[in-house]
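Participant: Provide a 3D model corresponding to the input given below.
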Amino acid sequence: MKDKRKGFNWDTLRKLLLLALCICSCTLSLFAQRNVTVTGILTDENSETMPGVSILVQGSTRGVITDVDGSFKIDVKPDDALIVSFLGYETQTIKVGGRQKINVQLQPKANELDEVTVVAFGKQKKESMISSIQTVNANELRVPSSNLTTAFAGRIAGMISYQTSGEPGYDNASFFIRGVTTFGAGKVDPLILIDNVEVSTSDLAKYHPDDIASFSILKDATATALYGARGANGVILVTTKEGREGKAKVSFRLENSWSSPTSTVEMADPITYMELANEAVSTRNPLAPTPYSRRKIESTMDPNRNQYVYPAVDWMDMLTKNTAVNQRANLSISGGGEIARYYIAGSFTQDNGILKVDKRNNFNTNVNYKKYLIRSNININLTKTTEAIIRVHGSFDDYAGPITGGSDMYKRILQVSPVRFPAYYEPDALYSQSAHILFGGFQSDRYLNPYAELVKGYKEESKSVMMAQLELKQDFGKWVNGLTGRLLGNTTRNAAFDLNRSYSPFYYEVGNYDRFADIYTLRELNPTTGTEDIRYNFGDKTVNSSFYGEVSIAYNRTFSEQHTVSGMLVGTIRNYMTANAGTLAASLPTRNQGIAGRFTYGYDNRYLTEFNFGYNGSEKFDKGHRWGFFPSFGVGWNVSNESFWTGALKDTVSKLKIRGTYGLAGNDDISQTRFFYISEVILGGGGGYSTGLNFDGTSRNGVRINNYANPNIGWEKSYKSNLGLELGLFQGKIEIQADFFQEHRTNILQSRADIPSEIGLWNTPQVNVGEANGKGIDVSVDYNHNINKNAWLVGRANFTYARSTYQYYEEPDYEMLETPWRSRKGNAVSQQWGYVAERLFIDEEDRLASARQDFGEYMAGDIKYKDMNGDNVINEMDLVPIGHPTTPEINYGFGLSAGYKTFDISIFFQGSARSSFWIDAAAMSPFYSRVPSGQTQIYETGLAKFIADDHWSELSQNPNAGWPRLSDKLIANNNQRSTWFMQNSSFLRLKSAEIGYSLPGKWASRVRLESCRFYLSGTNLLLLSKFKLWDVEMGGNGLNYPLQRVINLGVNLSF
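Facilitator: Reported below is the predicted structural model:
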């Protein structure tokens, strides 16, 4: 039989099988290229997982975001590359290379704070940011003070800041962004937002730097336009710390400090006081009796005198002490897991005043300020794409001190005679059983005795703020890559009340004195009005609440690795209500609504554009002016990202960025008036039209109009332009940011100046007519250098110049009146007008030969003013601009920090220039008795040593003496605002210094600590200024509670 297999070709079959295998292999290979699934976990520098990290396939638009535990899964080709990026961290490009498991650890950029900036309603990479925003590291704001605002001066480019009081609880600094470019009666300070919610300056002052995650200053139109009618004065954005996934971390800071006045007004001794008090009388009227006899002066000089009969009281030494002791503590706990993270913090502060506590009382009348803060921020991942943030905050302030306050008490110490009476008398036989203190007085109970004012009682003030906030964040990346949404609701309750406890002092004076037996008797001056029982007086109670709501949607996407597009729309609503308002208008809720948007486009991180807008409504204005549109536009160019910027040029100038912005912002807080479009009419309120007589002959009042309706009033408008330059040198070791800015402010509310008084209006109508211009420059320079693994050096400096001038001011037509020098146009906002003082009159002949001065009596030794208009009369027609503005036009600061191994040291200087202030001649003039406005007691100003040492007298007749001829009355001629009492406010201060030591890691671990640092610091340590009478930063408030020099010892632990 024939074998049928003979015809089968086995070689052909083998070839067919090999071909099939090849086809299968190629098919599988192609399939594998299309379907490789890569998984992995993203971690940070501490090996903690990172949710929300962007992973993009290079050269495509495909990408994913890591989930809550930092893991990801993505289908790629084996030869693809992944671009891994996250704000604040270095971007990494990783080749897949066929791998199916890729774990990535991201490293933070050299200075994360500089790379990621908090902006209006979000965050932006600094590289792509066009706005003028200054970011401050919260550690730089950590100074030995319980008031955060005292740390601003000299540390922030674009901010003008100064402090005029050192009283605990009342020591807020004044601060303005790029100066003050408005002169209305409304808001001039910036809008302050903490975690997106508006707060007051006092609320900001209470925050502890350890609880702050970021601190940003928004300065130009693109940065502030989103806040529309509230952004004209700049914006401060603060975010608080949140928890991070990982084990619980505890941080604890404890500080103890000693504070003392930086400077005090030095007073003349009692003998000099009496001798010059006599001179003050006789130099004006040689025939008048002098107040102090030679016997009294000589008896007071006797060290063995009876001090109750011949008192010589050093009130400052008796009632104040040199040093106060203060404490501060802050504790925070943070951590969490995959689902929830937490940050919980609490702090306590106690600041004491420099007033002495009298043992005769069983209560403390010194200033005692206590502050308690508690904060909880909890982040919860409700789903892989939904996050909830719950914030709860509470602050509680308790202030106790003299009934009139510490600052007023300090002022009273300086405004009393040292020889009129003693502070108190020891009880004699007649009053030995008296239960009260025998306070010194003169003729009646009306003469001010500061000791009695201090110990007669005290006041207590309590303030509380409770805040709860819920924020929801939703990632819509499943449906639209790069799309997110946010919903926020906040409710805040503020409450305050005060009370005082006091008695009415019994005052005494010496009735009879037996000089030889050294025995005196007392005479009671107010037997019917003095009390021994303490009275309780409850003051005002205020409760107000607010609600803030915010909803936003944002989109951020990069296409083809070069085109970055982002957009955001946000709607806001705010409702504020006072629960116990005194008037109907005040009880009505205050509401604001608005929408805002931001749209940006960037090409290849080189060419940048941004458009922002705010559309806001304010209930203050009539329907036709209630809503306003505030747009802004900006462009930027990252020159250093160009292809030609390479090699040595790139190594030397590592960053060069040019940006420019222009836009409009607004200010609706232009007056205390609630509704401008409604007239406020008072029936029978007095002061209005009289409509006849009552039966008893008294006038019958008609109506009084406090506010005239004007439906055309709207908000202030601020047109801002900004040109910025960012420069990085030597691979980022030196960073320079410079901004040149201009502003034109219009619609400033003013009262009409051209309405004659004959019309009989009670209040002058107001209109939006004022205009002002502002311009300046702010510059910041940062230097960072790691010398080696053991040593580092950091330097920082900033400079701000901001000048604002009147463009239009509602005033008479001085050109038509032929007195153009009286116009404010072109002069600086806060510029003062006064007389130019030439010298003091030398003698009577000099006085008679000079122009007549229309301010009452004057004689040789009084101030001689310059006749500016040449009419031989000195009057208001001779008023001219004098000095610099009262708000400094220049602020600057510079400092260095260095570390070597476990030691570190830092030093910082603050300076101010181009501002003036005036000594209050009426408040400083010695010897004359007066009753200040709002007071009932008689004040007798003490004699400052500088007046005693340098005043005009018959013996010296120095026409350039520091103080005019003395007087026991107020000489109106010498009390005019003039260049005579004008002072230069410029100064340079050693603001702070600190030296620290950190335990080496191995030592800290032995006591179960992660870190431990001890430090010694100080603030307001040294002052350089031409003005020597008191701390020049206080300006004309030199008689108030002085600024404090603080020495601080602290420890910071973490475990």
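Participant: who does the longest strand anywhere in the chain touch, helix- and strand-wise?
Facilitator: As assigned by DSSP state E, the longest strand anywhere in the chain is strand 535-559. Applying 3 or more CB pairs under 8 Å, 6 or more residues apart in numbering; DSSP states H and E, one finds that strand 535-559 contacts strand 483-502, strand 563-578. (C-beta placed from N, C-alpha, C; glycine too.)
Participant: Take the ones you listed and write them to CSV, including distance to residue 800.
Facilitator: Converted to CSV, the helices and strands packed on strand 535-559 look like this (distance: least, CB to CB, whole Å):
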stretch, distance to residue 800
strand 483-502, 32
strand 563-578, 30
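Participant: coming back round to it: what's the angle from the longest strand of the chain to strand 483-502?
Facilitator: Counting by axes from the mean of the first three to the mean of the last three CA atoms, to 10 degrees, strand 535-559 points 170 degrees away from the direction of strand 483-502.
Participant: hey, where'd the strands end up in the stretch 151-300 of the chain?
Facilitator: 159-162, 174-177, 191-194, 197-199, 212-218, 235-240, 246-261 (DSSP state E, counting those that start in this stretch).
Participant: What's the mean pLDDT across the fourth one?
Facilitator: On average, the pLDDT along strand 197-199 is 94.
Participant: quick one: strands adjacent to that strand?
Facilitator: strand 191-194 (antiparallel) (DSSP bridges).
Participant: then the partner strand to CSV, C-alphas only?
Facilitator: Only the C-alpha atoms of strand 191-194 are listed here, as CSV (Å, rounded to 0.1, in the frame of the first residue of the first chain):
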residue,chain,number,x,y,z
LEU,A,191,-8.6,94.0,54.0
ILE,A,192,-7.5,91.1,56.3
LEU,A,193,-8.6,87.5,55.5
ILE,A,194,-7.7,84.4,57.6
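Participant: Quick one: distance of that strand to the chain centre.
Facilitator: Distance of strand 191-194 from its chain centroid, counting by CA atoms, centre = their mean, to the nearest Å, is 11 Å.
Participant: Is it possible to get the strands of the stretch 151-300 of the chain out as TSV so that each row also shows distance to residue 66 and mean neighbour count?
Facilitator: Formatted as TSV, the strands of the stretch 151-300 of the chain follow (distance: least, CB to CB, whole Å; neighbours: other CB atoms under 10 Å):
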stretch	distance to residue 66	mean neighbour count
strand 159-162	38	24
strand 174-177	38	22
strand 191-194	29	21
strand 197-199	30	20
strand 212-218	21	22
strand 235-240	22	22
strand 246-261	16	17
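Participant: Could you dump those strands into JSON lines and include distance to residue 38?
Facilitator: Putting these into JSON lines (distance: least, CB to CB, whole Å) gives the following:
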{"stretch": "strand 159-162", "distance to residue 38": "49"}
{"stretch": "strand 174-177", "distance to residue 38": "48"}
{"stretch": "strand 191-194", "distance to residue 38": "42"}
{"stretch": "strand 197-199", "distance to residue 38": "42"}
{"stretch": "strand 212-218", "distance to residue 38": "33"}
{"stretch": "strand 235-240", "distance to residue 38": "35"}
{"stretch": "strand 246-261", "distance to residue 38": "26"}
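Participant: For residue 150, which of those strands is the nearest?
Facilitator: strand 159-162 (8.8 Å; CB to CB).
Participant: tell me the average confidence for that closest one?
Facilitator: 95.
Participant: Parallel or antiparallel, list what pairs with that strand.
Facilitator: Sheet pairing for strand 159-162, using DSSP bridges, gives strand 174-177 (antiparallel).
Participant: Any stretches of the stretch 751-900 of the chain with poor pLDDT?
Facilitator: 757-762 (pLDDT under 70).
Participant: Mind jotting down where the helices sit in it?
Facilitator: Here the stretch 751-900 of the chain has its helices, by DSSP state H, counting those that start in this stretch, at 844-848.
Participant: Equivalent analysis for the stretch 401-550 of the chain, please.
Facilitator: Under DSSP H, counting those that start in this stretch, the stretch 401-550 of the chain gives helices at 406-413, 450-455.
Participant: Residue 707: which of these is closest?
Facilitator: Nearest to residue 707, of the helices of the stretch 401-550 of the chain and by CB to CB, is helix 406-413 at 32.2 Å.
Participant: For residue 288, which non-adjacent residue is closest in space?
Facilitator: Nearest non-adjacent residue to residue 288, counting by CB to CB, 6 or more residues apart in numbering: residue 281, 5.2 Å away.
Participant: Kindly report the same for residue 535.
Facilitator: residue 502 (6.1 Å).
Participant: Bridged to the one you found, which residues?
Facilitator: For residue 502, the beta-bridge partners under DSSP bridges are residue 457, residue 535.
Participant: can you pull the contacts of the closest residue in space to residue 550 that isn't next to it in sequence?
Facilitator: Leaving out its chain neighbours, the residue that sits closest to residue 550 by CB to CB, 6+ apart is residue 488, at 4.2 Å. Residues near residue 488 by CB atoms under 8 Å, 6 or more residues apart in numbering: 196, 469-472, 548-551.
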